[in-house]
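A.B. asks: The sequence and its predicted three-dimensional model are supplied below.
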Amino acid sequence: MAPAIELRHVTKRFLTPSGTAYTALRDLDLAVQDGEFCAVVGPTGCGKSTTLALISGLEPPSEGEVFVGGAPVRSVGRDVGYVFQVDAVFPWKSVLDNVATGPRFRGVERRAAEDLARDWIKRVGLSGFERYYPHQLSGGMRKRAALAQTLINEPRILLMDEPFSALDVQTRTLMENELLQLWSTTRASVVFVTHDLEEAIALADRVVVITAGPGTVKGVYRVDLPRPRNVAEIRFQPEFSRIYQEIWNDLRDEVLVSYERSKRSVS
Amino acid sequence: MLVLGTWEIGTTVDAAHKDGLFIDPFFYGRPSGIASQLWTWIQNGTAQGPLWLQIATTLEEAFLGFLIGVILGVVFGVALGRVRLLSDVFAPYIKAFNAMPRVVLGSIFIITIGYGIWSKVALAVVLVFFVVFFNAFQGVREVDRVLIANARILGASERQLSTHVILPSALSWILASLHTSFGFALVGAVVGEYLGAIHGIGLIIATAQATFNPNGVFAAMFILALVALTAEVALTSLEGRLIKWRPNGINTDGLI
């Protein structure tokens, strides 16, 4: 069976405002199996977000091909969900309307869409806040709303771009556990981008390390920790620190490269 | 109060000695004269007919001009903001038109459309259109890229993208422009009437000017100010209703 997501020799170049080409990804190969939770880690600016944009169909690759469910990606796919790093809920819609947006766009009737939305609002623990506007919610609650907004479409492919990076540590751990719990019921294929290695190992079946830009795959690591996992406690298992050390050896060099570069560009 | 008092006293004191006047009421009018002028208009009507008819005429022109101008401005602003090709084709023309002092168009409109209300409406439309257009255009350009990406992922068609994301987002820009543009609509109506009309406050001002009646000019100005203030209040309440989702300043009742 074809992998759920596959990137073959993908290169992505952007035109910078000054007119030169910037290579974000170079010859990247990546495959994610059906129902697999894959975390992508790498230093800042290594093209992690670009990878997600390519899979979602928001951006076309400059070279190479992207497949979702065996078929090449030509436009934004129906089976894709995308949780953004920054707040992407619509500030002019209430929580209920925000969550109901996906089904409404896809032609579900208002009544049915709202019933479905109420159900998902309950699942992410936001019951009672249906009539609130995003600016009236805390960062964590907005993230829950965004999660419900994405998951209500029941995507087979779930892309997450550092979704919890703006949250405080406690909220973050809570949200990670809830994500795992929600995911265990849907079993979508997940690509979870983060710069936090602990988060990557705690959540994923497989961790992919990307090199400092232009990004390409540096190493792939299996995480054979048992599920269901408790993100708060799994960090204390010896197996966890063993994997952490193994991956960190790889990641450290890339982080240093990226750090040196940013120092040079500042000075 | 102080200004009004000084003005009134300045025009009365020394009225006995013809040469010692502090402020000459012949040129500057006087508050009591303005009040009695207003009273006369209310009781006996103006030279052009009853006062309410003049106010209603001006309001009708300003309102129609405002409405048409806003609709056109929003439609063109959103269309040009959304479609690159359209903006590339039309932008130079719109800029050229905008650079022209548009009040002179009033004369053309009166020649072509006539003395009725529509020549004034046309002038108001032209004035309103550009204010709203540029705001709507900018509003569309400033829409958060992430929100657009999110809507696309959630399955929005191009049309749904416009109605669910781009219009609501541009709405605060558009609404901000409405305050200025209603003022412009009023300017268009009054200037149009001033240039030639059958009814309207602008005509009252023109008549008062022609007959050296400063009290009349001031009284008409007073009426205009009242009209503009009322419109402002109405617009603010409309704005509050349309964008209730927006946090108002520091005082948000949010949960942190």
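C.D. replies: Structure received.

A.B. asks: measure the nearest residue to residue A:4 once chain neighbours are set aside to chain B for me?
C.D. replies: Spatially, and ignoring its direct neighbours in sequence, residue A:4 is nearest to residue A:189 (3.8 Å; C-beta to C-beta, 6 or more residues apart in numbering or on different chains). Backbone N, C-alpha and C define where each C-beta goes, glycine included. Remark: distance between residue A:189 and chain B (C-beta to the nearest C-beta, to the nearest Å) = 16 Å.

A.B. asks: Equivalent analysis for residue A:71, please.
C.D. replies: For residue A:71, the distance to chain B - C-beta to the nearest C-beta - is 18 Å.

A.B. asks: pLDDT below threshold where in the stretch 101-250 of chain B?
C.D. replies: With pLDDT under 70 as the threshold, the stretch 101-250 of chain B has low-confidence stretches at B:247-250.

A.B. asks: Lowest mean pLDDT among the helices and strands, pick that one out for chain A.
C.D. replies: Lowest mean confidence among the helices and strands of chain A (mean pLDDT, DSSP states H and E): helix A:238-266, at a mean of 84.

A.B. asks: Which elements pack onto that one?
C.D. replies: Using 3 or more C-beta pairs under 8 Å, 6 or more residues apart in numbering or on different chains; DSSP states H and E as the contact test, the elements touching helix A:238-266 are helix A:197-203, strand A:206-210, strand A:217-222.

A.B. asks: what's in contact with the first one?
C.D. replies: Pointing back at helix A:197-203 there. A:37, A:39-41, A:164, A:172, A:176, A:179-180, A:192, A:194, A:207, A:223, A:225, A:229, A:231, A:234-235, A:240, A:243-244, A:247-248, A:251 (C-beta atoms under 8 Å, 6 or more residues apart in numbering or on different chains).

A.B. asks: rerun that using 6 Å as the cut-off
C.D. replies: Residues outside helix A:197-203 that contact it (C-beta atoms under 6 Å, 6 or more residues apart in numbering or on different chains): A:39, A:41, A:194, A:207, A:223, A:231, A:234, A:243, A:244.

A.B. asks: would you turn the residues you listed into JSON lines with neighbour count?
C.D. replies: Below are those laid out as JSON lines (neighbours: other C-beta atoms under 10 Å in any protein chain shown):
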{"residue": "A:39", "neighbour count": "25"}
{"residue": "A:41", "neighbour count": "29"}
{"residue": "A:194", "neighbour count": "23"}
{"residue": "A:207", "neighbour count": "27"}
{"residue": "A:223", "neighbour count": "21"}
{"residue": "A:231", "neighbour count": "20"}
{"residue": "A:234", "neighbour count": "18"}
{"residue": "A:243", "neighbour count": "20"}
{"residue": "A:244", "neighbour count": "20"}
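
A.B. asks: ok, which stretches of chain A are strands?
C.D. replies: Secondary structure of chain A by DSSP state E: the strands cover A:5-15, A:21-32, A:37-41, A:63-68, A:71-72, A:80-83, A:157-161, A:189-194, A:206-210, A:217-222.

A.B. asks: Relative to the first one, what are the paired strands and their orientations?
C.D. replies: Pointing back at strand A:5-15 there. Applying DSSP bridges, strand A:5-15 is found paired with strand A:21-32 (antiparallel), strand A:63-68 (antiparallel).

A.B. asks: can you tell me which of those strands comes nearest to residue B:206?
C.D. replies: Residue B:206 sits nearest to strand A:21-32 of all the strands paired with strand A:5-15, at 63.8 Å, using C-beta to C-beta.

A.B. asks: what about residue B:158, distance to residue B:87?
C.D. replies: In this view, residue B:158 and residue B:87 are 16 Å apart by C-beta to C-beta, to the nearest Å.

A.B. asks: should've said residue A:218
C.D. replies: Residue A:218 is 44 Å from residue B:87, by C-beta to C-beta.

A.B. asks: With residue A:8 instead?
C.D. replies: Counting by C-beta to C-beta, the gap from residue A:8 to residue B:87 is 38 Å.

A.B. asks: Any idea how many residues pack against the nearest residue to residue A:78 once chain neighbours are set aside?
C.D. replies: Among residues not flanking residue A:78 along the chain, residue B:155 sits closest, at 6.6 Å (C-beta to C-beta, 6+ apart). Other residues near residue B:155 come to 19 when the count uses other C-beta atoms under 10 Å in any protein chain shown.

A.B. asks: pretty sure residue B:155 is touching residue A:103, no?
C.D. replies: No. Residue B:155 is beyond contact range of residue A:103, at 8.6 Å (criterion: C-beta atoms under 6 Å).

A.B. asks: picking that back up, dump the helices and strands packed on helix A:238-266 to a markdown table, plus mean pLDDT.
C.D. replies: Converted to a markdown table, the helices and strands packed on helix A:238-266 look like this (pLDDT from 0 to 100):
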| stretch | mean pLDDT |
| --- | --- |
| helix A:197-203 | 92 |
| strand A:206-210 | 91 |
| strand A:217-222 | 88 |
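
A.B. asks: of all these, which gets the most neighbours per residue?
C.D. replies: Highest mean neighbour count among these (mean count of other C-beta atoms under 10 Å in any protein chain shown): strand A:206-210, with a mean of 24.

A.B. asks: Residue numbers of the stretch 101-250 of chain B in contact with chain A?
C.D. replies: Contact residues, the stretch 101-250 of chain B versus chain A (C-beta under 6 Å from any C-beta of the partner chain): B:146, B:149, B:150, B:152, B:153, B:154, B:155, B:156, B:160, B:168, B:245, B:247.

A.B. asks: Between those, which sits nearest residue B:125?
C.D. replies: Nearest to residue B:125 out of those is residue B:168 (C-beta to C-beta; 25.3 Å).

A.B. asks: Which neighbouring elements make contact with the helix or strand containing residue B:218?
C.D. replies: For residue B:218, the element it lies in under DSSP states H and E is helix B:214-242. If contacts are counted by 3 or more C-beta pairs under 6 Å, 6 or more residues apart in numbering or on different chains; DSSP states H and E, helix B:214-242 sits against helix B:31-44, helix B:167-195, helix B:201-210.

A.B. asks: Now distance to residue A:141 too, for those, in JSON lines please.
C.D. replies: JSON lines is the format used below for those (distance: least, C-beta to C-beta, whole Å):
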{"stretch": "helix B:31-44", "distance to residue A:141": "57"}
{"stretch": "helix B:167-195", "distance to residue A:141": "21"}
{"stretch": "helix B:201-210", "distance to residue A:141": "53"}
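
A.B. asks: thinking again about what came up before, need the contacts of helix A:197-203 in CSV (columns: distance to residue B:189).
C.D. replies: Below are the contacts of helix A:197-203 laid out as CSV (distance: C-beta to C-beta, whole Å):
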residue, distance to residue B:189
A:39, 64
A:41, 65
A:194, 60
A:207, 69
A:223, 72
A:231, 66
A:234, 72
A:243, 75
A:244, 73
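
A.B. asks: between the residues you listed, which is nearest chain B?
C.D. replies: Nearest to chain B among the contacts of helix A:197-203, counting by C-beta to the nearest C-beta, is residue A:194 at 17.9 Å.

A.B. asks: Contacts only, for that closest one.
C.D. replies: A:41, A:162, A:200.

A.B. asks: Just give me the closest of those residues to residue B:53.
C.D. replies: Nearest to residue B:53 among the contacts of residue A:194, with distances taken as C-beta to C-beta, is residue A:162, at 65.7 Å.

A.B. asks: ok, how many other residues are close to the closest one?
C.D. replies: By the measure other C-beta under 10 Å, the count of residues near residue A:162 is 18.

A.B. asks: Likewise for residue A:149?
C.D. replies: 29.

A.B. asks: do residue B:210 as well
C.D. replies: Residue B:210 has 9 neighbours, counted by other C-beta under 10 Å.

A.B. asks: how much space between it and chain A?
C.D. replies: 52 Å.

A.B. asks: any idea how far that residue lies from residue B:117?
C.D. replies: Counting by C-beta to C-beta - residue B:210 and residue B:117 are separated by 22 Å.

A.B. asks: Over to residue B:184?
C.D. replies: 17 Å.

A.B. asks: Compare neighbour counts for the two and give me the winner.
C.D. replies: residue B:184 (25 against 22).
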